[in-house]
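**Student:** here's my sequence, what's the structure:
(one chain, ligands or ions: 1)
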Amino acid sequence: MTGVLVKICGINDPVAARAAGEAGADMVGFVFFPRSPRAVTPERAVELARELPAGITRVALLVDADDALVDAVAATGVIDLLQLHGKESPERVAEIKARTGLPVMKVLSVADRADVEAAQAYDGVADRIMFDARPPKDMAGALPGGNALSFDWHLLEGLVLATPWTLAGGLNAGNVAEAIRLTGVRSVDTSSGVEDRPGVKSPDKIRGFVAAAKAG
Ligand SMILES: O=C(O)c1ccccc1NCC(=O)[C@H](O)[C@H](O)COP(=O)(O)O
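**Tutor:** Purely as a prediction, here's the structure:
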């Protein structure tokens, strides 16, 4: 065991929720983005949370959400961390933290070194930072995340952040150990890499990913 924290994102059915918990995932994500094949409602998140073991961190993924959705998600009482996966400014991050009383993980979409440097503006504002792949502008059906795309992990070389950070984007059981080795990251996230098709999680792939990351 390396002590790497593992997040399984896009949990939308009870079987996947139980598989993630039993496999030893540290965090699971619920996607509150209507266009996603993994989207859940606040009511559904409450049901799914009942399938999770105590102590697992339950993450709500929001994309440039308005206050009404932020409030509805926070009001479920089952969320421990908000993952902001849109273009939220540092000021908006601070506002959402104050509004909900919940910690925030701010996602930076990465295609070049400037995207990595953009994290400095959130250092000390967000409680955690995530680096994920930025989809190409011409990618058909691209979502703000969850596209099974990786970015060049070398872009993270020399990264200095006081805030803990997570690596995401195209990770699966076959490449997560190399990602950990190359970047030195202590927290990884996957969604597509543990699916049979978009929106359909595979318990076997969840188990394989958690084992590979923890052994990494
Ligand atoms: O999963 C979605 O459908 C989604 C929609 C909108 C914004 C973000 C979304 N997902 C983010 C994630 O699941 C992960 O945090 C991350 O992007 C890694 O995804 P993947 O490359 O599929 O492993």
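
**Student:** what strand or helix carries residue 25?
**Tutor:** Taking DSSP states H and E as the definition, one finds residue 25 inside no helix or strand.

**Student:** burial of it, as a residue count?
**Tutor:** 28 (other CB atoms under 10 Å). Backbone N, C-alpha and C define where each C-beta goes, glycine included.

**Student:** pLDDT wise, what is the residue of the chain most remote from its centre at?
**Tutor:** Using CA atoms, centre = their mean, the residue of the chain lying farthest from its centre is residue 138. It sits 23.4 Å away. On the pLDDT scale, residue 138 is placed at 92.

**Student:** chain neighbours aside, what residue packs nearest to residue 65?
**Tutor:** residue 32 (6.9 Å; CB to CB, 6 or more residues apart in numbering).

**Student:** kindly report the same for residue 120.
**Tutor:** residue 161 (7.6 Å).

**Student:** how near is that neighbour to the ligand?
**Tutor:** 18 Å (CB to the nearest ligand atom, to the nearest Å).

**Student:** host element of that residue?
**Tutor:** Going by DSSP H and E, residue 161 is not in any helix or strand.

**Student:** that one: neighbouring residues, count only.
**Tutor:** Neighbour tally, residue 161, other CB under 10 Å: 16.

**Student:** OK, contacts around it?
**Tutor:** Counting by CB atoms under 8 Å, 6 or more residues apart in numbering, residue 161 makes contact with 119-120, 123, 129.

**Student:** recalculate using a threshold of 10 Å.
**Tutor:** By CB atoms under 10 Å, 6 or more residues apart in numbering, the residues touching residue 161 are 116, 119-120, 122-124, 126, 128-129.

**Student:** residue 167 too?
**Tutor:** For residue 167, the contacting residues are 4, 110, 130-132, 150-151, 153, 156, 176, 179-180, 182-190, by CB under 10 Å, 6+ apart.

**Student:** give me the buried entries from those residues.
**Tutor:** 4, 110, 130-132, 150-151, 153, 156, 176, 179-180, 183, 185, 187-190 (16 or more other CB atoms under 10 Å).

**Student:** near the ligand, which residues of this structure are found?
**Tutor:** 9-10, 31, 33, 36, 38, 61, 63, 85, 132, 143-149, 168-171, 189-193 (CB under 6 Å from any ligand atom).

**Student:** mind redoing it with 5 Å?
**Tutor:** 9-10, 31, 33, 36, 38, 85, 132, 143-146, 148, 168-170, 189-192 (CB under 5 Å from any ligand atom).

**Student:** among those residues, which lie within strands?
**Tutor:** The members of the residues of the chain next to the ligand that map onto strands under DSSP state E are 31, 132, 189-190.

**Student:** mind putting those residues into a markdown table with distance to residue 68 and pLDDT?
**Tutor:** Below are these laid out as a markdown table (distance: CB to CB, whole Å; pLDDT from 0 to 100):
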| residue | distance to residue 68 | pLDDT |
| --- | --- | --- |
| 31 | 17 | 98 |
| 132 | 25 | 98 |
| 189 | 27 | 98 |
| 190 | 30 | 98 |
